[in-house]
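Trainee: Curious how this folds, go ahead:
(chains A and B)
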Amino acid sequence: RKEVEQDPGPFNVPEGATVAFNCTYSNSASQSFFWYRQDCRKEPKLLMSVYSSGNEDGRFTAQLNRASQYISLLIRDSKLSDSATYLCVVSWGKLQFGAGTQVVVTP
Amino acid sequence: DAGVIQSPRHEVTEMGQEVTLRCKPISGHDYLFWYRQTMMRGLELLIYFNNNVPIDDSGMPEDRFSAKMPNASFSTLKIQPSEPRDSAVYFCASRRRGPRQNTEAFFGQGTRLTVV
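Mentor: Okay, here's the model as predicted:
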């Protein structure tokens, strides 16, 4: 079993709609959680950290469920510019990345 | 701050040749990570250092791969001899230690390696 698992997608989302997806992790000792965004042929960049109580950054909401060992990302009012691959990252010293979830926002 | 700097940006080499990838982390960061990314396998952690000391190299594919961090501002990833299946984008990332390790990692722009 992979340490961090994500649905690869693609999630095809009409502009203005809401999309949500999860990421599961296997190491219960994980301490930090992040969502990164990666555009085609670019390096991954931090989208947002994920805090225990859940957190929001504009149209993006992240949640953490330690009991079930998953984190989630919700994007509201999707924009064309949100099209990218979203990488789940779990840290217990090393940073372990999921394979990414591809989101395609269509006009 | 210039961010994480990797060189070269692109490398094309013949099978059997030695390849050296270079990384300069962000000043003050004490963790450095080397990743490899391919379409098939996604982003794989190869090795990471803390305070210049290798902590976990379990992701290094085989003995042909080696990594060093002689000081806090420089690291290399070497492949000798290179093979076509090593073709990938290699990323270096660095982070500083924070409370409960909840600090983000910053990535370099990557080295696109093609072995022919």
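Trainee: going forward, measure contacts between C-alpha atoms and count neighbours the same way
Mentor: Noted.
Trainee: Which residue, other than its chain neighbours, is closest to A:Q6?
Mentor: A:C23 (4.8 Å; Cα to Cα, 6 or more residues apart in numbering or on different chains).
Trainee: can you tell me which residues contact B:A93?
Mentor: Applying Cα atoms under 8 Å, 6 or more residues apart in numbering or on different chains, we find B:A93 in contact with B:4, B:25, B:32-35, B:105-108.
Trainee: Just checking: what are the partner strands of the helix or strand bottoming out on mean pLDDT in chain A?
Mentor: In chain A, no helix or strand scores lower on mean pLDDT, DSSP states H and E than strand A:94-97, which sits at a mean of 88. Strand pairing for strand A:94-97, using DSSP bridges, gives strand A:84-92 (antiparallel).
Trainee: who's in contact with the partner strand?
Mentor: A:4, A:6, A:23, A:25, A:29-40, A:44, A:95-104, B:101-102.
Trainee: Could you rerun that using 7 Å?
Mentor: For strand A:84-92, the external contacting residues (Cα atoms under 7 Å, 6 or more residues apart in numbering or on different chains) are A:23, A:29-39, A:95-104.
Trainee: Could you write out the alpha-carbon coordinates of that strand in CSV?
Mentor: Taking Å, rounded to 0.1, in the frame of the first residue of the first chain, the C-alpha atoms of strand A:84-92 are listed here in CSV:
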residue,chain,number,x,y,z
ALA,A,84,-3.7,21.9,-12.4
THR,A,85,-2.6,18.8,-10.5
TYR,A,86,-3.1,19.0,-6.8
LEU,A,87,-0.6,17.1,-4.7
CYS,A,88,-1.3,15.9,-1.2
VAL,A,89,1.8,16.0,1.1
VAL,A,90,2.2,14.3,4.4
SER,A,91,5.2,14.8,6.7
TRP,A,92,6.8,12.8,9.4
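Trainee: how far does that strand sit from the chain's center?
Mentor: 6 Å (Cα atoms, centre = their mean, to the nearest Å).
Trainee: Can you say which of the contacts of strand A:84-92 are buried?
Mentor: A:23, A:30, A:32-38, A:95-104 (16 or more other Cα atoms under 10 Å in any protein chain shown).
Trainee: burial of B:V4, as a residue count?
Mentor: 23 (other Cα atoms under 10 Å in any protein chain shown).
Trainee: where exactly do the strands run in chain A?
Mentor: A:4-6, A:11-14, A:19-25, A:32-38, A:45-50, A:55-57, A:60-65, A:70-75, A:84-92, A:94-97, A:101-106 (DSSP state E).
Trainee: Any idea which of those strands gets closest to B:Q80?
Mentor: strand A:94-97 (25.3 Å; Cα to Cα).
Trainee: So what touches that closest one?
Mentor: Taking Cα under 7 Å, 6+ apart as the rule, strand A:94-97 contacts A:4, A:87-90, B:43, B:45.
Trainee: Restrict that strand to CA atoms and write it as CSV.
Mentor: Output of strand A:94-97 as CSV, limited to C-alpha atoms (Å, rounded to 0.1, in the frame of the first residue of the first chain):
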residue,chain,number,x,y,z
LYS,A,94,10.4,13.3,5.3
LEU,A,95,7.8,14.9,3.0
GLN,A,96,5.8,12.2,1.2
PHE,A,97,3.9,13.2,-1.9
